[in-house]
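Asker: Fold the following and give me the result.
(2 chains)
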Amino acid sequence: MILAPSAMAHSPFHASTRRHLLGALCGALVFSACAALPELPRRDAAVVDASADASTEPPPEITGASPVMRRLSRADYLNSVRDLVGDFAVEARELPFDQLGYLFPNIGGTQSLERFDLERYLAVAEEVVARAWSRRAETPAVVPVVETGAAPSPATGFAGNGALRLDDATELALHVPAPQPGDVALHLRAHLPTAPAGAVRVEARHEGLLVGSVDVTSRYPDAGDATLMLNLPWRSIAVTDAGPRVTLRTVGATAAAPLLLAIDRAEGPVLADEQRIAACNPASMGVDGCLRQIVVPFARRAWRRPLVDSDIDALVALGRDRVAAGDAFDDAAQAMLTAVLLSPRFLFRAEHTAEGPGDRDAHELATELSYLLWASMPDDVLRDAADSGRLLDPGEVGRQVRRMVADPRFDGFIRSFAGQWLSFNGAAQDPVNVVDPTAPRPDNETALFMTALFRDNVPVSELLDADWTYLDARLARIYGYAGALPNEGFVRVQLGSLPRRGVLTQPSFLSLTSLMTQVTQPTVRGYYVLSRLLCDEPGPPPMAFDNFLTEFNNMEGTRSMRQVMEAHRAHSECSGCHVEMDPLGFAFENYDGLGAYRTVNRGLAIDAAATVPGLGTYNNALELVSILARDARVPACVTRHLMTFALGRGELNATRDGLDAIAAGAGAGGPRLLDLLVAATQSPAFRARGGRGTN
Amino acid sequence: MHHLRRKLSRRALLRGAGAALGLPLLDAMFQAGCSDPTPTETRRVVERGTGWPSVRPTRLVYIVVPNGFVGEQWTPPDEGPAYTLTPHLQNLAAHRADFTVLSGLSNLVIDALGAYHTRALATLLTCTAVDRQRVSGGVSIDQVAASYLGRATALPSLELGTTPPHAVALSCDGAWGCLWADNIAWAGPQRPMPKDADPRSVFNRLFGGALGVHEAGAAWQLRQTRRQSVIDFALSDANRLRTSLGANDRVRLDQYLSHVREVEIAIGRQQQLPLTDVMAPTDSVDLTARFETMLDLTALALQTDRTQVVSLAHGFSFFNYTYPTLLGAANQDGHHKLSHYSGDPGSRDLHATVCNWELAAFGRFLARMKSIDDGGATLLDNSLVVFMSELLDGNRHISEDLPVLVAGRAGGRVHTGFHKRYERREPIANLYISMLRAAGVVVNGFGHTGTGALSEILV
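Answerer: A predicted model of the protein is given here:
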């Protein structure tokens, strides 16, 4: 069947190519096949000359300042499946990328969704459900624990079993090769040979962070069964084949009165009841009954609000139809659960915004509180407060906020808010994902510091001028800290006479804002201070800026970094912004690219004194942070960043979005940080549905 | 007897009427814009026959490398087919008949704004200005191509990269700078196309995972219908949800809905592919290896008809990689810094080393494309590949006179093998229009600067 010659003459095909074309009959098939294809989305028709039909109204334009429902960020998703079914095995790279807006990954207006993202969500949902299903009825696997490192000599007391003797000066290292990630229960037998004055605590640490502890009071000849629950952050560690490495230390045991310890076994993962998918038998309960029993509690928690009958019926119908189509019951049930995780009710923090302006209902409020404070779904306590309606009372909100800040899951806020606002999430590893287990972890220092600031409810000023921090042995070398520290693990230390105060003298900030150990970037440091702490971000450099970069490259050599930067002031297009940015950076020239203190660079003495218009004059970083700690713009800026993260949109208005009211600060140093968090969650802007604020 | 093969609709497949479709040459029964009110000029319908050369769809590839080149080592001093190969272009000497050098093309949408690098990559394929409130002003040309050409393949387009997006904002410009820095492909304003910088993930997307195959025969079919059920539920659930959402939220939900539908269609079209000759790639922290792996995956994706449109962005704005395998492990100067070599011959030579590697890698890609049979012609003959950077020379950050190569013949519809210099700041948008036209999609404008096709290129 060959097309008529006239048709061929119009085609752009090469005249010399012979071909057969399917003719009218197949052409009809082509058209009918096409008609059967669902409409693919029309792309932005305006750029194409082919004028599209204008029958549909143009959609509203979304910018980063628009209130629009927010999709779960990577951290939100990972934490949600962790809390939903105890799954720690999803890797961040399997999930859609976070698109940062105003520093944060959960700004509704900057989160688009493309097809590749859906493919990934489907794949991850299938995996998570499959793993959760396999854990339904099983008891945690029993695995041997491999002990490494110098073990103390065996002690008498236990018959055989290689009991070990521990006191505060010794450390025991283990690898915990659990078959699946999750919370691990370490079963011990531990006792004290003599009458203790009190309990001895056994603390477990991983990568320097405390991951579990248990108090031992048993005395010989009691058997002394004890269980140490290990909460191992599986995602952030370099896992070897032998499993994550954990060290045990005692607190309160001495060489004269040691702890005698034998490790029985480890079990993991340990799930809470609600994290375990219901085990039921379709043969006895019926297919529908069993499907219902499986899906209702799962969907209630995953969708973060009570289910209506039509939701339940639709889900059960999916499972039932799969069984009818030939699936095994297990596969049908898993299809149902996968659909729950693929639904926009899981992936988005959707609210009833069709109803127009108004306040969030209790369930929407619970969701927003938990993603703010935990970057995860509500737990049963918060859920109860929502179900009962108590959560609508601002006093109850305050109580919940304080409870949630004290909870270990508050780490979600520290990483998702503080880690992005202050960018210290980027201080952990280099961009090509090479993890060196012996490298210092400045991000952990700042994370612990920020956590303590909130939990201790200190004034905002202490962010800048705190005379304490958290150090471990690796960072102590950078600090030149001479105090006693454990071999592994962070402890809170006083800085004393060290030239350090607050977050701006921590290695996280200092290393992020440097290119290499001895190549700092004063302009970037200045920009950071302006944008993160003063909310006074300079605009983009002028067009000619990149041509000046060439001049800088030729100006290195025997000049100090400060002298090189003087060129910024030589060009009038540049000086306007650089007269603010650069001096802020010069204050930190005493800290190199690792964050170590120095007084000389390139053979020249460092001059850290400067003046910043509108801020003040200082001789060094410590004086600068002291000035910043008293600057009223800092608490206002902290509040702005916090509310941007909380509401999910940028360009906030200080009055309409209540920033002034929230930051209305008690005494000197501005509002206290936990109080600020409570005030933010009680504010009308936060209570308003859809993050719309009070427009 | 001609062996006719037809691609059937998803519903026909599900009813079990599916025909076995072979690998790697899938016949594409293609109708541009079936319910499109303005169908394109070309309706390409192909058939595999014995002894008859078939007409294959034109593949479009967009490769962007950052930080430019050494200007005088790129631009040939003379024009025409006998132009002199400059030091950079010497890396492609074996293929000089297969590509064209275009000088003088410009992208003048960003002159009024500063921060060149940040904006230049984001606007290179969109030719639409950006400002601080809008992420990107428009759709990139590869997505325009995909919206017309993408319905025939499992993936409408493939976006590749060698670096994942910035996970932490440090000195990205303004509220949006990180998105500009990372993305050359845009589905629309505010909508960067997620790029994949992980070769295993790309391979999985093409041949495995949710759209792929793990089991044989009936078990596989059952899994696919199970996936369809899950997706059908997600669609109906989203429609239920939609009634309670306001206008802004509906925009988001509609994005979700449209993509879920696309995934549904793709699953329906997925064939069970024997994976005998396809080897999963390995990854490396060495970004030169990753770039070359991405080029290999591009060729493979095109060869196996997984997609017709590919974009590959190496790095991102201000990409300052130190290239340890090229410049030595002790090298501390990043590529962005080296590209500002000014009068320093040492930096210039290091910069040139990186650029020459980029071109040599591109040359190996061309060789691979030429070695693949695509219905009687080579895969390169049936493709159009543009290779460029967001500026010509690091010492001058202007969007005029961009470095551009176009390789391939688009099935005989373009001329190759010469150097042409354009004057009067010819918009690069016109090159993009030309490429689309050669692929059978007629657009008369693109972005803010496109006016029409370049006559010198098209046959």
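Asker: measure B:Ser399 to chain A for me?
Answerer: 10 Å (Cβ to the nearest Cβ, to the nearest Å). Heads up, the C-betas are built off the backbone N, CA and C, glycines and all.
Asker: How many neighbouring residues does the residue nearest to that residue when sequence neighbours are not counted have?
Answerer: Residue nearest to B:Ser399 in three dimensions, not counting chain neighbours: B:Asn107, with 4.4 Å by Cβ to Cβ, 6 or more residues apart in numbering or on different chains. B:Asn107: 28 surrounding residues under other Cβ atoms under 10 Å in any protein chain shown.
Asker: tell me the pLDDT at B:Asn107?
Answerer: B:Asn107 carries a pLDDT value of 91.
Asker: Tell me which helix or strand the residue in the stretch 201-350 of chain A that chain B sits nearest to sits in.
Answerer: Per Cβ to the nearest Cβ, A:Ala339 is where the stretch 201-350 of chain A lies closest to chain B, at 4.1 Å. Per DSSP states H and E, A:Ala339 falls inside helix A:329-342.
Asker: what does A:Met643 give?
Answerer: Counting by DSSP H and E, A:Met643 is found in helix A:633-647.
Asker: where does the stretch 301-450 of chain A come near chain B, residue by residue?
Answerer: Taking Cβ under 8 Å from any Cβ of the partner chain as the contact definition, the stretch 301-450 of chain A meets chain B at A:310-311, A:314-315, A:318, A:321-322, A:325-327, A:331, A:335, A:338-339, A:342-345, A:347-348, A:350-356, A:419-420, A:423, A:425-426, A:431-434.
Asker: among those, which are in strands?
Answerer: Judged by DSSP state E, these include A:Phe348 as members of strands.
Asker: What degree of burial does A:Glu91 show, as a neighbour count?
Answerer: Quick note: A:Glu91 (other Cβ under 10 Å) scores 10 neighbours.
Asker: before we move on, the earlier item: burial of the nearest residue to the residue of the stretch 201-350 of chain A closest to chain B once chain neighbours are set aside, as a residue count?
Answerer: Distances taken as Cβ to Cβ, 6+ apart place B:Phe233 nearest to A:Ala339, at 4.1 Å, with adjacent residues excluded. Residues near B:Phe233, counting by other Cβ under 10 Å, number 22.
Asker: I'd guess B:Phe233 is in a helix, am I close?
Answerer: Yes. B:Phe233: assigned to a helix according to DSSP: H, G, I helix; E, B strand; the rest coil.
Asker: quick one: it and A:Asp311 touch, right?
Answerer: No. The pair B:Phe233 / A:Asp311 is not scored as a contact, 10.7 Å apart, by Cβ atoms under 8 Å.
Asker: thinking again about what came up before, ok, how many other residues are close to the residue of the stretch 201-350 of chain A closest to chain B?
Answerer: Neighbours of A:Ala339 under the rule other Cβ under 10 Å: 26.
Asker: OK, contacts around it?
Answerer: Counting by Cβ atoms under 8 Å, 6 or more residues apart in numbering or on different chains, A:Ala339 makes contact with A:315, A:318, B:229-230, B:233-234, B:237.
Asker: Let me know the closest of those residues to B:Ala167.
Answerer: Ranked by distance to B:Ala167 (Cβ to Cβ), the contacts of A:Ala339 are led by B:Ala234 at 27.6 Å.
Asker: Go ahead and confirm that closest one touches A:Leu342.
Answerer: Yes. Under the criterion of Cβ under 8 Å, B:Ala234 makes contact with A:Leu342 at 4.6 Å.
Asker: Is A:Met377 in a helix, a strand, or coil?
Answerer: coil.
Asker: What sits closest to it if chain neighbours are left out?
Answerer: A:Ser80 (4.8 Å).
Asker: same thing with B:Leu327?
Answerer: Nearest non-adjacent residue to B:Leu327, counting by Cβ to Cβ, 6+ apart: B:Leu350, 5.7 Å away.
Asker: Starting from the helix or strand harbouring that neighbour, tell me the next helix or strand along the chain.
Answerer: Counting by DSSP H and E, the element that carries B:Leu350 is helix B:345-371. Using DSSP H and E, the next helix or strand after helix B:345-371 towards the C-terminus is strand B:373-374.
Asker: picking that back up, for the helix holding A:Ala339, buried residues please.
Answerer: By neighbour count on 16 or more other Cβ atoms under 10 Å in any protein chain shown, the buried set for helix A:329-342 is A:329, A:331-342.
Asker: The stretch 301-450 of chain B against chain A: which residues are in contact?
Answerer: Proximity of the stretch 301-450 of chain B to chain A, by Cβ under 8 Å from any Cβ, involves residues B:320, B:332, B:334, B:337, B:340-344, B:347, B:394-397, B:411-413, B:440, B:442-447.
Asker: Tell me where the longest helix sits in chain A.
Answerer: helix A:115-134 (DSSP state H).
Asker: How about the stretch 201-350 of chain B: which residue is closest to chain A?
Answerer: Counting by Cβ to the nearest Cβ, the stretch 201-350 of chain B gets nearest to chain A through B:Gly246 (3.5 Å).
Asker: Spatially nearest residue to that residue (excluding sequence neighbours)?
Answerer: Nearest non-adjacent residue to B:Gly246, counting by Cβ to Cβ, 6+ apart: A:Thr353, 3.5 Å away.
Asker: A:Phe346 too?
Answerer: Once flanking residues are discounted, A:Phe346 sits nearest to A:Ala302: 5.0 Å by Cβ to Cβ, 6+ apart.
Asker: per-residue pLDDT, that neighbour?
Answerer: 98.
Asker: now swap in the one 3 residues further on and tell me
Answerer: At A:Arg305, the model reports a pLDDT of 96.
Asker: Same check on B:Ser399?
Answerer: We note a pLDDT of 84 for B:Ser399 in this prediction.
Asker: next one: B:Ile265
Answerer: B:Ile265 is assigned a predicted lDDT (pLDDT) of 81.
Asker: Could you look up the SS state of it?
Answerer: Here B:Ile265 is recorded as helix under three-state DSSP.
Asker: Check which residues of stretch A:482-502 are buried.
Answerer: By neighbour count, with 16+ other Cβ under 10 Å as the criterion, the buried positions of stretch A:482-502 are A:485-486, A:488-490, A:493, A:495, A:498, A:500-502.
Asker: Same check on stretch A:685-692?
Answerer: Of the residues in stretch A:685-692, A:685-692 count as buried by neighbour count, 16+ other Cβ under 10 Å.
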